[in-house]
Structures are given as structure tokens and as C-alpha cells.
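dropping a prediction and its sequence here:
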Amino acid sequence: MANLKEIRNRITSVSSTMQITSAMKMVSAAKLKKAQDAITAMRPYAEKLTELLQNLSATLDGEVGGDYTTQREVKKVLLVAITSNRGLCGAFNTNVIKEIKNRTSFYAGKQVDVFAIGKKGNDVLSKTHKVHGHHNAIFDHLTFENVGGIADNLTEKFLSGEYDRIELIYNQFKNAATQIVQTEQFLPLAPIKSDVPVTAGDYIFEPSKEEIVLTLIPKSLKTQLYKGIRDSFASEHGARMTAMHKATDNATELRNQLKLTYNKARQAAITNEILEIVGGAEALKG
């Protein structure tokens, strides 16, 4: 059994760790509320804009908006991995990295590159994939304008023919304890999947449908990427809050076990000292 000093040192160490994890949990909880409100507010708009654009594109001739919608033979794929800059958030980053590897296997025989948003994904994936670009500072100033610059960069890579398909892979926020890994096709624009045929009579367009599509597509792509990063940002804080909550509970349990061990060891030491005193006294009497 460890001596009393070693057990005391371990109790002190575990208590300090528990205070740190508890503080991190509270910080993440505060940040989560703001991030959750942001993604909850913008998600309906982003989904409706995407749905409208997909319906509209389905009614157009192939030449209109063809730069964004033309399905080319897939030879070169760019996977956009959205992770975090910091760890201590459970399997949050690991799940995205694992999905990147799954998609790489899916596109076996084709050129698959990675575009990393977040330091953790860049650090790991740069060892196994060709990382074409990375943005780690975006989370310091997460605005639609800053994300729009990244979306323009990705769009240019597709329009120039550098890549035939671009996919977003990120954690979709469901609640603080649940994040769902999503793989979304960014470009080319995918037609909406519905059993109900899309007809041009569903909307009245002014100006023409073609002009509306060419104006809305770039904005829709920026919105889609911004929603993905916002989803990931909220998921990160939810995952970290949950991980730190579990770490605090584990530290509390370990500290209680160590205190029990310490008390038993101290009681044993006291009993031994009493026995030694009584034995010495008996020896003196004898």
C-alpha cells in the first residue's frame, strides 16, 4: 500500500484536476448557449434557401447554371474537414477524421485531397492525406463575411476544374450530448430528392429564373458552408461540456476512493503505533 504522503499528493493532484475540468465545463456551457442560439436561428433559413435553389435548378435547362450543376466524371475530390482548434472534447474531432478516411476509401483509385478547417484535423490529416489548404483562425472571428471568403475559394477550385466534387464533413449539432457526423455535397449542386415532381408553376419569378439562380447560387454556397461551421462550433462546445462533465465526475469518484484509502492507511498506522506502545509498556513491566 502506498504511504500516506503519496496518497495525500494524489488527492491534491486529483482535486486540482477536478477544479480545472469543472471550470472548463462551465465555460463551455456558457459558450454553448450562444453558439446554440446562433445555429438554431440560421438553420431554417439555410435549409429553405438550399431547398428553393435545388427546386429551381431542377426546372432549368442544363446550360443555365451549368458551371455549378454539371456532373463531371469524378476523378479529383476535395474533402472539407471541419474540426476544432482545441482538444478535450471527447470523440468530436476523431469522428470527423474517421469519416474522412471512410470517404477516402469510398473514392479509392481517385485523387482525394483535404481542405482542413480547424487545427486538430489539419494536424492529423496532414500525416495521411494531401492537405490542399487549411484555415485555423476562422473560429476566432466567425462571421459570414470571413466564411464567404473560404466558400469563394472552394467554388473557384470547382469552377476551374481543379476538382470534380467537393464535400463537407462536419459534426451537426443535435443537443449538448449528441453530435451527428454529416457528409454534404458542396459542389456540384445536387438536385433535390423527392417523389413529387418539381414544376415551374410552383413559383412566380421576377426577374427570370436564370438571373435569380446565378445570383443566389454563390450566396447559397456561402450559407451552406457557414451553417456547417456554425453547426460544428456549437457541437464542439457541447462535446467539450459533456466530456468535462464526465471528467469531473470521474475525478470526484477517484478522489473519494483515495480519501477512503488514505483514511484506512492512517487508521492502520495509528493502530500499529498503539500496538507498539502497548507492547513496549508490557515489555517494561516484564
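Good, I have the coordinates. Numbering: from 1, shown residues only.

could I get the average pLDDT for stretch 166-183?
Averaging pLDDT along stretch 166-183 gives 95.

same deal with stretch 84-100?
96.

any residues touching that stretch, and which ones?
24, 79, 81-83, 114, 118-121, 124-125, 129, 136, 139, 169-171, 179, 181, 183, 232, 235-236, 239-240, 242-244 (Cβ atoms under 8 Å, 6 or more residues apart in numbering). (C-beta placed from N, C-alpha, C; glycine too.)

send me that stretch as PDB with only the CA atoms.
Extracted in PDB, the C-alpha atoms of stretch 84-100 (Å, rounded to 0.1, in the frame of the first residue of the first chain):
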ATOM      1  CA  SER A  84     -11.800  22.300 -33.800                       C
ATOM      2  CA  ASN A  85      -8.600  24.100 -32.800                       C
ATOM      3  CA  ARG A  86      -8.600  22.600 -29.400                       C
ATOM      4  CA  GLY A  87      -9.000  19.100 -27.900                       C
ATOM      5  CA  LEU A  88     -10.600  17.900 -24.700                       C
ATOM      6  CA  CYS A  89     -13.900  17.400 -26.400                       C
ATOM      7  CA  GLY A  90     -14.300  13.600 -26.500                       C
ATOM      8  CA  ALA A  91     -14.600  12.000 -29.900                       C
ATOM      9  CA  PHE A  92     -15.600  15.200 -31.600                       C
ATOM     10  CA  ASN A  93     -12.600  15.500 -33.900                       C
ATOM     11  CA  THR A  94     -11.900  11.800 -34.100                       C
ATOM     12  CA  ASN A  95     -15.300  11.100 -35.700                       C
ATOM     13  CA  VAL A  96     -14.700  13.600 -38.500                       C
ATOM     14  CA  ILE A  97     -11.200  12.300 -39.100                       C
ATOM     15  CA  LYS A  98     -12.600   8.700 -39.200                       C
ATOM     16  CA  GLU A  99     -15.300   9.800 -41.700                       C
ATOM     17  CA  ILE A 100     -12.600  11.500 -43.900                       C
END
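
I'd say residue 21 and residue 249 touch.
No. Contact status for residue 21 versus residue 249: not in contact, 9.2 Å apart, counting by Cβ atoms under 8 Å.

same for the longest helix along the chain, what does it pack against?
For the chain, the helix with the greatest residue count under DSSP state H is helix 209-285. Packing contacts for helix 209-285, counted by 3 or more Cβ pairs under 8 Å, 6 or more residues apart in numbering; DSSP states H and E, involve helix 4-58, strand 76-82, helix 92-106, helix 144-159, strand 165-175, strand 178-187.

any idea which of these gets closest to residue 272?
Distance to residue 272, taken as Cβ to Cβ, is lowest for helix 4-58 among the helices and strands packed on helix 209-285, at 12.3 Å.
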